[in-house]
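> Have a look; sequence and predicted model below, questions after that.
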Amino acid sequence: MPETAEQDLSAQVDYEPLLKALMEGVCLCDPDGRILMANKALLDLVDAKADDMIGKLLPQLFVPQSRQAIEEALAQVTTQRAVKGIEANAATSNGVTLPVSVGCSLLKPTEGDTPVILVRLKDLSRENKLSEELSRTQSESESLLAELDEAYRQLKGAQEELVRRERLAASGELAASVAHEIRNPLSIIGMSIQYLHSKLSPGHAFREFTNAIIKKVERLDKITTQLINYGRPRELKLEARDVHRNLNQVLHLAVSKCKSQGVKIVRRFDRSLPKVKWDHDLIDQVFTNLVTNALEAMPNGGVLTVETQFDREKSQTIISVSDTGHGIPPKVQAQLFKPFFTTKRNGTGLGLAISHRIIDHHHGTITCASKTRGSQRGTTFTIRLPITPPAKS
Ligand code: ADP
Ligand code: MG
């Protein structure tokens with residue numbers, strides 16, 4: 001019978017060398033939980049001497065809050081033969097609390113002998129530390145990975161921007177040289193047609209044609225001038241000036257157009273703004289482009305607001321030009337600063353591209369926010385410029 005064989009085997013077992021060999025903290029208890037024997041691993045674990053431990057009740061090895069669970073395990077093991085995975089806190093002799101996992105097994109007694117309970121204590125603190133370490137390493141590597149990802153994204157963005165700029169510079173250069181070649185013959189055509197026009201009597205039938213040619217020549221002249229400005233940005237001529245004076249000049253030139261379109265001008269100037277060292281002729285071009293676009297977006301009236309602010313912390317001037325016009329759909333917004341992009345029948349699509357370039361040369365930024373619907377309908381272009389741009393640009 002297997003039962004008898006097992007009993008015979010347990011009768012022959014000398015537990016001591018077995019317990020000694022175990023790496024895990026182990027002890028033998030009687031059914032009351034009194035410790036009969038403990039191996040070195042357990043003594044080391046709770047930092048106790050064998051003499052102090054033998055005869056002690058098992059629950060005494062634990063902090064008061066864990067004792068009930070141990071008592072219950074001892075009670076259960078006599079009927080269930082094995083109880084595993086009880087998490088408890090052992091109390092070491094030097095007052096340290098040690099998280100452990102406790103397992104109890106009932107060893108089959110030889111006939112007539114009292115049963116013995118084998119108790120195993122597994123140190124969880126190392127495991128906990130390891131898992132903490134693991135999760136820390138994991139979160140560190142996750143954040144490293146995120147940083148790497150972000151760095152890669154920035155690098156890719158910078159590379160794309162570089163390619164875009166190079167392409168723009170090359171196409172701008174080409175466009176400027178072609179425009180330059182066109183300009184001289186164009187001005188001769190312009191002067192000649194003006195002359196012919198002046199020689200025609202007021203009611204002459206050809207006047208209709210000469211008028212049309214004059215208008216087209218004017219338009220071509222505008223385009224070639226813009227192309228030359230775009231393609232060959234000149235060296236900045238920096239000069240310290242009050243920016244409000246320049247803004248007022250640009251707005252002054254727009255007054256009659258505003259009146260005829262029913263557009264109200266609102267100025268919100270921050271008077272604390274110091275003088276700014278910019279190439280004012282170029283920056284005025286930017287203001288003019290923005291104001292012209294704003295007026296073109298409000299053919300049936302509205303409000304044109306020009307605001308200035310001073311960002312002391314960054315030593316930057318913020319200038320915004322807002323309109324209450326038809327707004328810019330998101331698809332169009334993505335293309336705004338591309339040269340030759342226009343939604344207007346007579347547009348050149350160069351105003352914003354030139355403005356972007358000028359602001360860029362001054363180490364500033366230009367951004368756009370726009371709504372095509374609702375009470376906030378309209379567009380705001382915001383320029384941020386350093387009070388004094390770095391010497392080399
Ligand atoms: P252009 O005025 O010759 O079309 P721009 O570079 O000045 O060229 O403007 C490009 C396009 O941006 C315009 O055709 C228009 O679609 C859009 N845009 C610019 N400013 C505004 C604005 N204030 N409101 C609505 N659309 C605008
Ligand atoms: Mg324009």
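Yep, that arrived. Ligands and ions are numbered 1, 2, ... in the order given.

> what's the nearest residue to the residue of the chain found nearest ligand 2 if we skip its chain neighbours?
Of all residues in the chain, residue 351 sits closest to ligand 2, at 3.0 Å by Cβ to the ion. (Each C-beta comes from the backbone N, C-alpha and C, glycine too.) Nearest residue to residue 351, sequence neighbours excluded (Cβ to Cβ, 6 or more residues apart in numbering): residue 289, at 3.9 Å.

> Tell me the spacing between the one you found and residue 359.
Between residue 289 and residue 359 the computed distance is 11 Å (Cβ to Cβ, to the nearest Å).

> thinking again about what came up before, surely the residue of the chain closest to ligand 2 meets residue 296?
No - counting by Cβ atoms under 8 Å, residue 351 stays clear of residue 296, with 9.7 Å between them.

> Looking at those two, which is more packed in?
The neighbour comparison of residue 351 against residue 296 (other Cβ atoms under 10 Å) goes to residue 351, with 23 against 17.

> mind listing what that one touches?
Going by Cβ atoms under 8 Å, 6 or more residues apart in numbering, residue 351 touches 226, 289, 292, 293.

> JSON lines for those, including secondary structure and distance to residue 263?
Output for the contacts of residue 351, formatted as JSON lines (DSSP: H, G, I helix; E, B strand; the rest coil; distance: Cβ to Cβ, whole Å):
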{"residue": "226", "secondary structure": "helix", "distance to residue 263": "24"}
{"residue": "289", "secondary structure": "helix", "distance to residue 263": "17"}
{"residue": "292", "secondary structure": "helix", "distance to residue 263": "12"}
{"residue": "293", "secondary structure": "helix", "distance to residue 263": "13"}
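
> Is whichever strand or helix holds residue 147 in proximity to ligand 1?
Following DSSP states H and E, the helix or strand that holds residue 147 is helix 124-199. No - using Cβ under 6 Å from any ligand atom, helix 124-199 stays clear of ligand 1, with a minimum separation of 13.5 Å.

> which residue sits closest to residue 359, ignoring its sequence neighbours?
Residue 359 sits nearest to residue 366 (Cβ to Cβ, 6+ apart), 4.6 Å away.

> Pick out the residue of the stretch 101-250 of the chain closest to ligand 1.
residue 226 (8.6 Å; Cβ to the nearest ligand atom).

> Give me the distance between that residue and residue 278.
20 Å.

> Which residue of those two possesses the greater neighbour count?
Neighbour comparison, residue 226 and residue 278: the larger count goes to residue 278, with 28 against 22 (by other Cβ under 10 Å).

> pLDDT below threshold where in the protein?
Along the chain, the model assigns pLDDT under 70 to residues 1-14, 109-110, 112, 233, 391-393.

> got the contact list for residue 65?
When contacts are counted by Cβ under 8 Å, 6+ apart, residue 65 touches residue 89.

> again with residue 321
Shown in contact with residue 321 (Cβ under 8 Å, 6+ apart): 287, 290, 291, 294, 304, 305, 306, 380, 381.

> At the geometric centre of the protein, which residue sits there?
With distances taken as Cα atoms, centre = their mean, residue 150 lies nearest the centre of the chain, 8.0 Å away.

> Quickly check: the helix or strand harbouring residue 352 near ligand 1 or not.
For residue 352, the host element (DSSP H and E) is helix 351-361. Yes - Helix 351-361 reaches ligand 1 (Cβ under 6 Å from any ligand atom) through 351, 352, 353.

> One more: stretch 241-260?
No - Stretch 241-260 lies apart from ligand 1 when judged by Cβ under 6 Å from any ligand atom; the minimum separation is 13.2 Å.

> Only alpha carbons, please: show that stretch as PDB.
The C-alpha coordinates for stretch 241-260 follow below in PDB (Å, rounded to 0.1, in the frame of the first residue of the first chain):
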ATOM      1  CA  ARG A 241      12.700 103.800 -34.300                       C
ATOM      2  CA  ASP A 242       9.200 104.000 -32.800                       C
ATOM      3  CA  VAL A 243       7.200 101.200 -34.400                       C
ATOM      4  CA  HIS A 244       3.900 103.000 -33.800                       C
ATOM      5  CA  ARG A 245       5.000 105.800 -36.100                       C
ATOM      6  CA  ASN A 246       5.500 103.300 -38.900                       C
ATOM      7  CA  LEU A 247       2.200 101.500 -38.200                       C
ATOM      8  CA  ASN A 248       0.400 104.900 -38.300                       C
ATOM      9  CA  GLN A 249       1.900 105.700 -41.600                       C
ATOM     10  CA  VAL A 250       0.800 102.400 -43.100                       C
ATOM     11  CA  LEU A 251      -2.700 102.800 -41.700                       C
ATOM     12  CA  HIS A 252      -2.800 106.400 -42.900                       C
ATOM     13  CA  LEU A 253      -2.300 105.200 -46.500                       C
ATOM     14  CA  ALA A 254      -5.200 102.700 -46.000                       C
ATOM     15  CA  VAL A 255      -7.700 105.300 -44.600                       C
ATOM     16  CA  SER A 256      -9.400 106.200 -47.900                       C
ATOM     17  CA  LYS A 257      -9.800 102.500 -48.900                       C
ATOM     18  CA  CYS A 258     -11.200 101.700 -45.400                       C
ATOM     19  CA  LYS A 259     -13.700 104.500 -45.700                       C
ATOM     20  CA  SER A 260     -14.900 103.400 -49.100                       C
END
